[in-house]
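Q: A structural model of the following input is requested.
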Amino acid sequence: MDLLDNPIRDYAWGSRTALAALLGREPTGRPEAELWIGAHPGDPSRLTDGRRLDEEVRVHPSQVLGPDVAERFGGRLPFLAKVLAVDQVLSLQVHPDREQARSGHAREEAAGLSVEDPERSYPDPWHKPELVFALTPFETLAGFRDVSRSAELLRMFGVPWADDVARRLTDGEPETQLREVVAETLDLPGSTVADLVAEVGAARGQVRYADPEAHRVLEILGQLAGRYPTDPGVLVALLLNDVVLRPGEALMVQPGVVHAHGSGLALEIMAASDNVLRAGLTPKHRDVPELLSVADFRPIPPPRCLPAQIGRGFAHFAPPVEEFELMVARPPVARLPESGPRILMALDDTVEVTADGRTVEVTRGRSVFVEHDDGPVSLDGPGWVALGSVPRARR
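A: Next up is the predicted model:
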């Protein structure tokens with residue numbers, strides 16, 4: 001068991017204050033977007049003696065992961081945790097499934113692309129389902145909304161482009177219509193997008209709508225149009241579910257689900273991958289054809305994730321994936337996983353973590369890695385803890 005030193009990524013969309021406040025230090029003055037907690041080789045955590053966690057896993061897989069996890073996942077820690085500090089909307093993006101990740105990675109390897117190449121979409125061969133647990137109110141767009149509802153919202157603008165899209169969405173098979181509309185929209189030149197965004201934006205000021213979702217759509221349009229006036233992703237965003245999580249609520253983003261996080265602080269746990277296909281709302285590399293081939297255009301309800309178990313002082317999230325599960329708990333709690341690799345993070349106050357006869361004090365925002373060989377864990381103190389672990393193999 002060891003305290004972790006976790007790297008921070010300074011993307012432009014990050015908050016200048018949220019991670020500093022979580023960690024109890026002064027802001028750096030830069031936007032700090034993601035705190036990475038885990039053993040992904042792209043930015044691994046370090047142990048107190050400076051060793052990289054991914055190297056510790058590689059050298060001692062059975063001890064660190066346990067024989068079962070080491071065998072099932074090829075000697076690698078299969079999950080990665082992050083804290084997202086979102087101040088501006090992230091890119092319109094999607095993550096691949098297993099086969100898409102393997103083939104995309106192999107294709108880019110064969111092309112000789114460096115892992116650091118900014119135009120690389122598949123730096124690793126792993127899929128990337130992810131669960132988002134809100135630490136503050138957290139706003140996101142995720143999954144395509146029911147087409148009849150999207151058509152209703154589009155018609156409120158009273159402009160020809162929106163009316164035409166509304167008609168097309170309800171005039172055929174929803175998945176096919178969404179795919180065609182999105183593909184055509186993402187292919188629009190910037191000048192045309194600017195005209196359409198301006199036209200819809202002008203109509204926005206005339207709308208009087210009592211529907212709360214309609215008001216949210218109008219707010220989102222205004223925010224995105226102000227930042228990306230020539231980006232077709234602004235128009236695609238009108239077709240996505242708007243989800244606002246309260247602290248303690250969660251969202252599950254499966255591979256293929258188009259999404260764009262908007263604002264807030266959240267803990268994210270995912271399969272250990274950095275594969276992202278982007279199509280808009282970002283200055284980063286966009287791979288529209290690949291996103292269109294990976295994206296799932298079936299309309300879905302807002303993809304909230306409810307706890308599989310909940311009780312006094314704990315909530316257990318067990319999404320249908322092999323790589324991770326999440327427990328959020330406050331001492332005393334007797335339901336913690338007793339084996340396998342575990343990452344514990346103190347969410348709001350100091351917690352003492354005891355394993356294998358040793359106790360480590362974990363302050364707010366800090367995290368500790370518990371090896372398989374450390375055995376069962378106990379907690380003491382006033383704070384809430386998030387615990388990521390690997391679920392048992394499903395028989």
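Q: ok so residue 292 is a helix residue?
A: Yes - counting by DSSP: H, G, I helix; E, B strand; the rest coil, residue 292 is part of a helix.
Q: Pull the number of nearby residues for it.
A: Residue 292: 17 surrounding residues under other CB atoms under 10 Å. All C-beta spots, glycine's among them, are computed from the backbone N, C-alpha and C.
Q: Ramachandran coordinates for the residue nearest to it when sequence neighbours are not counted?
A: Among residues not flanking residue 292 along the chain, residue 183 sits closest, at 5.6 Å (CB to CB, 6 or more residues apart in numbering). Per-residue torsions, residue 183: phi -60, psi -50 (degrees, to the nearest 10).
Q: what do you get for the one 3 residues further on?
A: Reported as degrees, to the nearest 10, the phi and psi values for residue 186 are phi -70, psi -20.
Q: Make sure it is actually in contact with residue 233.
A: Yes - between residue 186 and residue 233 there is a contact under CB atoms under 8 Å: 7.4 Å.
Q: These two: which is more packed in?
A: The residue with more neighbours, out of residue 186 and residue 233, is residue 233; 25 against 21, by other CB under 10 Å.
Q: Now do that one against residue 13, distance only.
A: 14 Å (CB to CB, to the nearest Å).
Q: coming back round to it: would you confirm that the residue nearest to residue 292 contacts residue 293?
A: No - the criterion here is CB under 8 Å, and residue 183 misses it with residue 293 at 10.4 Å.
Q: Which pLDDT value does the model give the residue nearest to residue 292?
A: At residue 183, the model reports a pLDDT of 97.
Q: how far away is it from residue 232?
A: 10 Å.
Q: just residue 282 next, same as before
A: Taking CB to CB, one finds residue 282 at 12 Å from residue 232.
Q: These two: who's more crowded?
A: residue 232 (25 against 21).
Q: how about the more buried one, what does it touch?
A: Contacts were defined as CB atoms under 8 Å, 6 or more residues apart in numbering; by that measure residue 232 touches 185, 186, 187, 188, 193, 280.
Q: any idea which helix or strand comes after the helix or strand the fifth one falls within?
A: Using DSSP states H and E, residue 193 sits in helix 190-204. Once the chain leaves helix 190-204, the next helix or strand it forms, by DSSP H and E, is helix 212-227.
Q: Show residues contacting the helix or strand following that next one.
A: Using DSSP H and E, the helix or strand that follows helix 212-227 in sequence is helix 233-236. Residues from elsewhere that reach helix 233-236 (CB under 8 Å, 6+ apart): 91-92, 182, 185-186, 188, 193, 196-197, 200, 221, 224-225, 228, 258, 260, 279-281.
Q: Same question for stretch 387-395.
A: 68-69, 72-73, 78-79, 81, 269, 318, 322-329, 336-337, 340-345.
Q: hmm, which of these are the buried ones?
A: Among the contacts of stretch 387-395, the ones that count as buried by 16 or more other CB atoms under 10 Å are 69, 73, 78-79, 81, 269, 322-329, 336-337, 340-345.
Q: Please list the members of those that lie in strands.
A: 79, 81, 269, 325, 326, 327, 328, 329, 342, 343, 344, 345 (DSSP state E).
Q: looking at it, the fourth one is touching residue 316, isn't it?
A: Yes - when contacts are counted by CB under 8 Å, residue 325 is listed as touching residue 316 (7.1 Å).
Q: in this structure, what secondary structure element scores lowest on mean pLDDT?
A: helix 212-227 (a mean of 85; mean pLDDT, DSSP states H and E).
Q: Neighbour count: residue 183 and residue 293, which is higher?
A: residue 183 (16 against 13).
Q: Next up, the contacts around residue 49.
A: Residue 49 neighbours (CB under 8 Å, 6+ apart): none.
Q: That one in helix, strand or coil?
A: When the rule is three-state DSSP, residue 49 gets the label coil.
Q: Run the angle between the least confident helix or strand of the chain and helix 190-204 for me.
A: 140 degrees (axes from the mean of the first three to the mean of the last three CA atoms, to 10 degrees).
Q: And helix 212-227, what's buried?
A: For helix 212-227, by 16+ other CB under 10 Å, it's 217, 218, 220, 221, 223, 224, 225.
Q: and if you look at stretch 116-126?
A: For stretch 116-126, by 16+ other CB under 10 Å, it's 120, 121, 122, 123, 124, 125, 126.
Q: neighbours around the residue nearest to the fifth one when sequence neighbours are not counted, how many?
A: Counting by CB to CB, 6+ apart, residue 273 is the residue found nearest to residue 124 once chain neighbours are left out, at 5.5 Å. Applying other CB under 10 Å, we find 26 other residues in the vicinity of residue 273.
Q: Same question for residue 260.
A: So residue 260, with other CB under 10 Å, has 23 neighbours.
Q: same deal with residue 106?
A: Residue 106: 12 neighbours (other CB under 10 Å).
Q: Which of the buried residues of helix 212-227 lies at the shortest distance from residue 158?
A: Sorting those by how near they are to residue 158, with CB to CB, puts residue 218 at the top with 13.1 Å.
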